Every structure is written in C-alpha cells, then in structure tokens.
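Undergrad: Take this sequence and fold it.
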Amino acid sequence: MRKMLLALFVAAAMVITVAPAQAVPIVIDFGTGIAGSGGTLFRDGADVWGSGIPIQIMNVQGSVVPGNFLTYGTAVGDGHIIPGTWASLAFDTRSATNFISITGYIPSLGVGDANNLVTLLSGTINSHGSTAQGLVSATGVDTKSPEVLRALGIPVETPFAFFGFSLHAGWIGTAPDEHGIAISTDIKNTSVPEPASMLLFGSGLVGLAGAVRRRLKK
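TA: Here you go, the predicted model:
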C-alpha cells in the first residue's frame with residue numbers, strides 16, 4: 001500500500017510540475033529602445049493619432065527563442081548611438097479608423113528585409129486616454145506576424161491577451177491643431193495560458209485524488 005501511495009504522489013508531483021510549465025505566458029514587448037524620439041502625433045480632444053513612430057527593439061520572454069531583437073524599417077528617431085531607420089508604429093484612436101500597427105523587419109530572425117517590410121503587429125484599440133502631461137495610453141486586441149511567431153518557436157495559433165500601450169509625447173499648439181512627437185513608446189502583450197493544459201492539470205489532480213481516496217478505503 002505504501003508503494004502505491006508513493007507512486008500516486010509522485011505522479012501528482014509530475015502533473016503539478018509539468019502542467020504549469022506548459023502554461024507559462026509568453027511576453028512580446030515592442031519599445032523605443034535607443035531610437036530616440038520621432039514620428040508625428042496629433043491630438044483633438046480625447047482622440048490621438050500618429051505615424052512614423054520609431055520602434056527599435058522587440059523583447060521576448062518565455063518563448064523557445066527569447067531575447068532582444070532589433071527591428072528596422074522606415075521610421076527615423078533622433079537617437080545617435082546606433083544610426084538607422086527603425087520599425088514604424090502607426091495608430092489612430094478615432095472611431096472611423098481605429099487601428100494600431102507596427103511595420104518593419106527583423107534581420108536576426110530572418111523576418112522581412114528593407115525591400116520586404118512585414119506587418120509585425122496589427123490590431124484595434126478598445127480604450128484609450130491622454131493627459132496634459134503627455135502620456136497616451138491604450139488597450140486593445142492584436143495579432144502578431146506569423147513569420148515572427150514561427151521564428152520565435154511560438155505556435156501561430158497562440159492566443160494573446162489585450163495589449164498595453166503607453167506613449168510619452170511632447171505637444172505643441174492647441175486643439176484641434178495640437179501636434180507633437182513621440183518621446184518613448186512601449187507596447188506589451190502577454191499570451192493567454194493554454195486552456196487544454198490547465199484542463200489537463202485540473203483533471204489530473206482530480207483523478208489522482210480519487211485514486212488515493214479509494215486506496216485508503218481499502
């Protein structure tokens with residue numbers, strides 16, 4: 001009986017160890033890096049829109065291929081440490097257009113090139129806000145480029161939660177002609193734990209608990 005109980009508890013420990021590992025979230029974070037400020041922004045009341053905003057780096061955690069990856073494209077920043085043109089962020093919170101996208105290429109992952117720009121991220125904005133101090137924030141849903149996901153060893157069908165978007169801006173003028181540039185930008189997106197893994201985890205524990213209970217009754 002002791003051997004049976006020991007085997008059941010070992011199996012339970014394996015389920016506890018393996019299942020959460022399969023549900024570890026993957027984080028993909030696009031940011032200004034050292035590209036510096038740039039792009040063009042406009043604001044009219046609560047709505048903000050802009051284009052040509054430089055995105056210099058993509059930070060990835062939890063994937064088969066984690067790390068920091070330089071992203072290139074057509075956006076120009078005023079940073080001078082690494083000269084270049086970077087991936088370009090464009091977005092518009094106005095209901096008639098309502099979109100967010102990052103276009104560029106990632107040489108270290110073999111995704112696109114200077115003559116073949118890729119839409120690295122695209123989506124819609126569900127909520128947004130801005131302050132007089134220059135902070136623009138937004139949340140929404142997006143999709144990642146299948147090329148990027150495959151290069152990172154992430155299944156293309158992996159679901160991601162709402163992205164978190166924050167941008168610091170320098171504004172000039174007054175509405176409706178208020179305009180400015182993006183000083184720093186961050187777009188963070190986290191994957192959703194796989195339901196099947198969590199179901200397997202829960203059903204496994206229930207089954208093991210039942211087996212232990214039956215064994216103890218005997």
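Undergrad: Might one say that Val76 is in contact with Pro83?
TA: No: between Val76 and Pro83 there is no contact under CB atoms under 8 Å: 9.9 Å. Quick note: C-beta positions are derived from backbone N, CA and C, even for glycine.
Undergrad: These two: which is more packed in?
TA: Neighbour comparison, Val76 and Pro83: the larger count goes to Val76, with 17 against 8 (by other CB atoms under 10 Å).
Undergrad: For Trp86, see how far away that one is.
TA: Look at Val76 and Trp86: by CB to CB, to the nearest Å, they are 8 Å apart.
Undergrad: repeat for Ser108
TA: 14 Å.
Undergrad: and the spatially most central residue of the chain, bridged to which residues?
TA: Nearest to the mean C-alpha position of the chain, by CA atoms, centre = their mean, lies Asn189 at 2.4 Å. Bridge pairing for Asn189 (DSSP bridges) gives the partners Ile28.
Undergrad: Show me what stretch 62-74 is in contact with.
TA: Applying CB atoms under 8 Å, 6 or more residues apart in numbering, the set of residues contacting stretch 62-74 from outside is 24-27, 30, 33, 52, 55-60, 82, 84-88, 102-109, 114, 117, 120, 151-154, 191.
Undergrad: Only the buried subset of those, as a ChimeraX command please.
TA: Buried subset of those, written as a ChimeraX selection, criterion 16 or more other CB atoms under 10 Å:
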select :26,27,30,33,52,55,56,57,58,59,60,84,85,86,87,88,102,103,104,105,106,109,117,120,151,152,154,191
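Undergrad: Keep only those of the contacts of stretch 62-74 that are in helices.
TA: Ala151 (DSSP state H).
Undergrad: Inside strands: which ones of the contacts of stretch 62-74?
TA: Residues of the contacts of stretch 62-74 located in strands (DSSP state E): 27, 30, 52, 55, 57-60, 85-88, 102-104, 120.
Undergrad: shared neighbours of Val76 and Trp86, anything?
TA: What both Val76 and Trp86 touch, as defined by CB under 8 Å, 6+ apart, is the set Pro54.
Undergrad: circling back to that earlier point, what's the closest of the ones in strands among the contacts of stretch 62-74 to Ser184?
TA: Ile55 (10.8 Å; CB to CB).
Undergrad: isn't that closest one right up against Ala35?
TA: Yes: Ile55 lies in contact with Ala35 (CB under 8 Å); the separation is 7.2 Å.
Undergrad: Between these two, which contacts overlap?
TA: Ala75, Trp86.
Undergrad: Mind listing what's buried along stretch 59-75?
TA: Asn59, Val60, Ser63, Phe69, Leu70, Thr71, Tyr72, Gly73, Ala75.
Undergrad: How about exporting it as CSV, limited to the C-alpha atoms?
TA: C-alpha atoms of stretch 59-75 as CSV (Å, rounded to 0.1, in the frame of the first residue of the first chain):
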residue,chain,number,x,y,z
ASN,A,59,11.9,42.0,-26.2
VAL,A,60,10.6,38.4,-26.0
GLN,A,61,10.3,36.3,-22.8
GLY,A,62,9.1,32.8,-22.3
SER,A,63,9.5,31.6,-25.9
VAL,A,64,11.8,28.9,-27.4
VAL,A,65,13.9,31.8,-28.7
PRO,A,66,13.9,34.6,-26.1
GLY,A,67,15.9,37.8,-26.2
ASN,A,68,16.1,41.3,-27.6
PHE,A,69,15.8,41.7,-31.3
LEU,A,70,16.5,44.9,-33.3
THR,A,71,13.6,46.0,-35.5
TYR,A,72,14.3,48.0,-38.6
GLY,A,73,12.1,49.9,-41.1
THR,A,74,11.3,53.4,-42.3
ALA,A,75,10.9,55.4,-39.0
